[in-house]
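Novice: my questions are about this predicted structure, shown below with the sequence.
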Amino acid sequence: MLTAFARAFRTPDLRKKLLFTLGIIVLYRLGAHIPIPGVSYENVQTCVDAAQKGNSSLFGLVNMFSGGALLQITLFALGIMPYITASIILQLLTVVIPRLEALKKEGQSGQTKITQYTRYLTVALAILQGTGLVATARSGALFQGCPVASDIVPDHSLFMTITMVITMTSGTAMVMWLGELITDRGIGNGMSILMFVSIASGFPGTLWSIKESGSLAGGWINFGGVILIGFVMVGLVVFVEQAQRRIPVQYAKRMIGRRSYGGTSTYIPLKVNQAGVIPVIFASSLLYIPALIAQFSSSTSGWKTWIQDNFVKGDHPYYVTAYFLLIVFFAFFYVAISFNPEEVADNMKKYGGFIPGIRAGRPTAEYLSYVLNRITWPGSLYLGLIALAPTVALASYGGAGNSIGGTSILIIVGVGLETVKQIESQLQQRNYEGFLR
């Protein structure tokens, strides 16, 4: 990987793309540290320091995706979560709304229209989430147990509230624009790169807090143990993310005039983890709902106490069991809506393709569904184990389970692999061009 980056910096046009991407990353990290108007920066820092020393925050997942900007209520406090949520919603609606499904099949023009809808929905979600964040900060519920939590937003006027919401919405729109700039003029997928940077920015502080949590010798032992486990998990994630079941496809020969076309052999790559990290995000978001309801509820009934005892701590058996089952469920659910065996079988039949030993049409669709279900089982179990193992193991270190948990490792490894593949493909194009000359 380091060799590929060194060769890329020696190539003028790739060097420009890499430097442009690094410049956008610097701007993104600067925006994540600029406070918005109406927020007491001193009180925020006091509560953030207290939260880091205490238990993990209820908003740990969203704070991780924003690179720590959420709890500090900065310009990019919402980060890329509104865009991720909007993209997932549009992808789900494509299955149930015929108009969106028709746009998806129109090619580049239809995809441009869906992207435009995604931007509109991102702004709407940013307004909604920004309003919720301001209301949470004003009530003091953003930092439970902090003595100055209710003084984070001193001015409760309507004008200041609207100003704060507009500022955070503008920050989300700017994040979306920076991500699209990276996609158009830089290297890799812009939103994925910004997500990678947001998650990786919390690693050094979390690892150092693990080192400081023990004695001099014990702290370094804990630090080394976490690093070793991290490398083992990265190797496991790389191995499974690259694993795929290749279904052979043969295309029949066709005579057009005097020439023969077709007759080629290819394959359909079905990844073991076909759903990616989406099931983990779905399951985490769904499990946050009961905890949020309990946090904002003013009653002192038994159900609130039960939820706070069983569904807030990441290592509780009820939480772990529900989390694991939801990940498995959403893995099958997402694969079912993102991969349509009947559509793939129809396209193969249209162009004269067939799977050796399987008849074209409905038998091909049934065979693809059978294979997909078989490989989704180990993929979903793998996702559940990867997501839960670090969270349970690092539960005693507060927010460390969120910062360097399985979700973080899955995203970082996936984005890193895709970015390196894109750099290597562009390098190969230039090397082959020079060789042919």
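Specialist: Structure received.
Novice: what are the ranges of the strands in the stretch 301-437 of the chain?
Specialist: For the stretch 301-437 of the chain, applying DSSP state E, counting those that start in this stretch gives strands covering 353-354.
Novice: which intervals of it have sub-threshold pLDDT?
Specialist: Along the stretch 301-437 of the chain, segments meeting pLDDT under 70 span 301, 308-315, 391-405, 430-437.
Novice: again with the stretch 1-150 of the chain
Specialist: Scanning the stretch 1-150 of the chain with the threshold set as pLDDT under 70 gives 1-5, 50-62, 64-65, 67-68.
Novice: in it, what residue spans correspond to helices?
Specialist: Taking DSSP state H, counting those that start in this stretch, the helices of the stretch 1-150 of the chain run over residues 2-9, 12-31, 41-53, 60-65, 69-72, 81-96, 98-105, 108-139.
Novice: nearest to residue 355, of the ones you listed?
Specialist: Of all the helices of the stretch 1-150 of the chain, helix 98-105 sits nearest to residue 355, with 23.4 Å by C-beta to C-beta. In short, each C-beta sits where N, CA and C put it, glycine included.
Novice: just the angle between that closest one and helix 81-96, please?
Specialist: Between the axes of helix 98-105 and helix 81-96, defined by axes from the mean of the first three to the mean of the last three C-alpha atoms, to 10 degrees, the angle is 100 degrees.
Novice: can you give me the domain boundaries for this protein?
Specialist: 1-195, 202-404 (automatic domain parsing).
Novice: just the ones you listed: most buried one?
Specialist: Among those, domain 1-195 has the highest mean neighbour count (mean count of other C-beta atoms under 10 Å), at a mean of 18.
Novice: can I get the domains of the chain in a markdown table including distance to residue 413?
Specialist: Formatted as a markdown table, the domains of the chain follow (distance: least, C-beta to C-beta, whole Å):
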| stretch | distance to residue 413 |
| --- | --- |
| domain 1-195 | 12 |
| domain 202-404 | 5 |
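Novice: and of those, who's closest to residue 414?
Specialist: Residue 414 lies closest, by C-beta to C-beta, to one member of the domains of the chain: domain 202-404, at 6.2 Å.
Novice: for the domains of the chain, which one sits closest to residue 426?
Specialist: Residue 426 lies closest to domain 1-195 among the domains of the chain, at 6.1 Å (C-beta to C-beta).
Novice: for the residue found closest to residue 129 once you drop the neighbours it is linked to in the chain, give me phi and psi.
Specialist: Using C-beta to C-beta, 6 or more residues apart in numbering and skipping residues adjacent in sequence, the residue nearest residue 129 is residue 78, 5.5 Å away. When read as degrees, to the nearest 10, the backbone of residue 78 gives phi -80, psi -20.
Novice: ok, back up a step: out of the helices of the stretch 1-150 of the chain, which is closest to residue 148?
Specialist: Closest among the helices of the stretch 1-150 of the chain, once you apply C-beta to C-beta, is helix 41-53, at 4.4 Å.
Novice: if you count contacts, what does whichever strand or helix holds residue 293 end up packed against?
Specialist: Assigned by DSSP states H and E, residue 293 falls within helix 278-296. Helices and strands in packing contact with helix 278-296 are listed as helix 60-65, helix 81-96, helix 302-310, helix 317-338, helix 362-393, helix 406-436; criterion 3 or more C-beta pairs under 8 Å, 6 or more residues apart in numbering; DSSP states H and E.
Novice: what's the closest of those helices to residue 179?
Specialist: Closest to residue 179 of those is helix 81-96 (C-beta to C-beta; 7.3 Å).
Novice: pLDDT (mean, whole number) over the helix or strand harbouring residue 235?
Specialist: For residue 235, the host element (DSSP H and E) is helix 216-242. Average pLDDT, helix 216-242: 78.
Novice: and the next helix or strand past that helix?
Specialist: Sequence-wise, the next helix or strand downstream of helix 216-242 (DSSP H and E) is strand 244-251.
Novice: neighbouring contacts of that next one?
Specialist: Contact partners of strand 244-251, identified using C-beta atoms under 8 Å, 6 or more residues apart in numbering, comprise 262-272, 348, 351-356, 368, 371, 375.
Novice: among the residues you listed, which ones are in helices?
Specialist: Cross-referencing the contacts of strand 244-251 against helices under DSSP state H gives 348, 368, 371, 375.
Novice: chain neighbours aside, what residue packs nearest to the second one?
Specialist: Nearest residue to residue 368, sequence neighbours excluded (C-beta to C-beta, 6+ apart): residue 341, at 3.8 Å.
Novice: now do the contacts for that neighbour.
Specialist: Contact analysis of residue 341 by C-beta under 8 Å, 6+ apart lists 364, 365, 366, 368, 369, 372.
Novice: contacting residues around the fifth one?
Specialist: It refers to residue 369. Neighbouring residues of residue 369 by C-beta under 8 Å, 6+ apart: residue 341.
Novice: give me the distance between it and residue 343.
Specialist: Counting by C-beta to C-beta, to the nearest Å, the gap between residue 369 and residue 343 amounts to 12 Å.
Novice: what bits of the stretch 151-300 of the chain have low per-residue confidence?
Specialist: 213-219, 254-263, 292, 295-300.
Novice: rerun at 90
Specialist: The stretch 151-300 of the chain contains residues with pLDDT under 90 at 151-158, 160-161, 183-300.
Novice: which member of the contacts of residue 341 is positioned nearest residue 90?
Specialist: residue 372 (23.0 Å).
Novice: you'd agree the closest one is up against residue 275?
Specialist: No - if you go by C-beta atoms under 8 Å, residue 372 and residue 275 don't touch, sitting 11.0 Å apart.
Novice: residue 324 against residue 388, yeah?
Specialist: Yes - if you go by C-beta under 8 Å, residue 324 and residue 388 touch, sitting 6.0 Å apart.
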